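Visitor: For reference, the sequence and a predicted model appear below.
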Amino acid sequence: NAGVTQTPKFRILKIGQSMTLQCAQDMNHNYMYWYRQDPGMGLKLIYYSVGAGITDKGEVPNGYNVSRSTTEDFPLRLELAAPSQTSVYFCASSSGQNLYEQYFGPGTRLTVT
Amino acid sequence: DQQVKQNSPSLSVQEGRISILNCDYTNSMFDYFLWYKKYPAEGPTFLISISSIKDKNEDGRFTVFLNKSAKHLSLHIVPSQPGDSAVYFCAARVTGNQFYFGTGTSLTVIP
């Protein structure tokens, strides 16, 4: 049972480039989330999903897109990367029975220069 | 606008003593509160939660207290152990499954 996995662990992007951060979970959780954590700050919710085919915006969705075609995968797409998107990105999941206990992946550290 | 605030960036405590981490919030629509623990280079891990209709929840060495009138919650760790040294995040949920996190408190437990 791998839990929540994220790839890549690190990435450096140039301004204007695009990339997809991958997230997968093997716990059959319906709920999945993407957060970003800037230095010295708390986690901020970017997007979340309550099941395959259903996504919704969180607190800071601008500059990002998501899709949820399967229960297991929840990729986060960055289009036209900007320096303000330099951050650590965490993916998380939770079950319908216990929404409040989120399981987090190890994070992806992204630098945009 | 930070809806969940942790005003103490760091806390040091002797091993065996009590650690008290504090959190304040502004949104009265929060219905659930949580504490997460985070080690460097890892994702946060869930510690304990409390519903807004309760004022205390206990799990082993960890107890969370909620004071709704003051919009304040606290996490008590007794006794503190060196392995508890980590960053602790307070979080809160509004209906619709949106979670808001505080900025974290770095706890150091001194052996």
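Guide: Done, it's in. Numbers count the residues shown, from 1 in each chain, chains lettered A, B, ... in the order given.

Visitor: Bridge partners for residue 32, pull those for me.
Guide: Going with chain A. For A:Met32, the beta-bridge partners under DSSP bridges are A:Ser49, A:Ser93.

Visitor: Actually, chain B is the one I wanted.
Guide: B:Ser51, B:Arg93.

Visitor: Let me know the pLDDT of residue 51.
Guide: This is for chain A. The model reports A:Gly51 with a pLDDT of 93.

Visitor: hm, I was asking about chain B
Guide: On the pLDDT scale, B:Ser51 gets 94.

Visitor: again, but for B:Gly96
Guide: Note for B:Gly96: predicted pLDDT of 70.

Visitor: What's the local residue count around it?
Guide: Residue crowding around B:Gly96 was assessed by other Cβ atoms under 10 Å in any protein chain shown; the count is 9. (Glycine included, C-beta is placed from N, CA and C.)

Visitor: Likewise for B:Val78?
Guide: Applying other Cβ under 10 Å, we find 13 residues neighbouring B:Val78.

Visitor: and A:Ser84, what are its phi and psi?
Guide: phi -70, psi -10 (degrees, to the nearest 10).

Visitor: how about the residues of chain B that lie near chain A?
Guide: For chain B, the residues found near chain A under the criterion Cβ under 8 Å from any Cβ of the partner chain are B:2, B:4, B:6, B:9, B:32, B:34, B:36, B:41-46, B:49, B:89, B:91, B:93, B:96-104.

Visitor: Can I have the buried ones of these as a PyMOL selection?
Guide: This is how PyMOL selects the buried members of those, with burial counted by 16 or more other Cβ atoms under 10 Å in any protein chain shown:
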select buried, chain B and resi 4+6+32+34+36+43+44+46+49+89+91+93+97+98+99+100+101+102+103+104
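
Visitor: What about the residues of chain B next to chain A, which are in helices?
Guide: Applying DSSP state H to the residues of chain B next to chain A, no entry is found in helices.

Visitor: Filter the residues of chain B next to chain A down to just the ones in strands.
Guide: Secondary structure from DSSP state E places B:4, B:32, B:34, B:36, B:45-46, B:49, B:89, B:91, B:93, B:98-101 of the residues of chain B next to chain A in strands.

Visitor: farthest pair in these?
Guide: Spanning the widest gap among those are B:Thr45 and B:Gln98, at 20.6 Å by Cβ to Cβ.

Visitor: rewinding a little: tell me the one among the ones in strands among the residues of chain B next to chain A nearest to chain A.
Guide: B:Phe101 (3.6 Å; Cβ to the nearest Cβ).

Visitor: which ones are touching the residue in chain A that chain B sits nearest to?
Guide: As assessed by Cβ to the nearest Cβ, chain B sits closest to A:Phe104 within chain A, at 3.0 Å. A:Phe104 is in contact with A:Val4, A:Phe90, A:Cys91, A:Ala92, B:Tyr36, B:Gly43, B:Pro44, B:Thr45, counting by Cβ atoms under 8 Å, 6 or more residues apart in numbering or on different chains.
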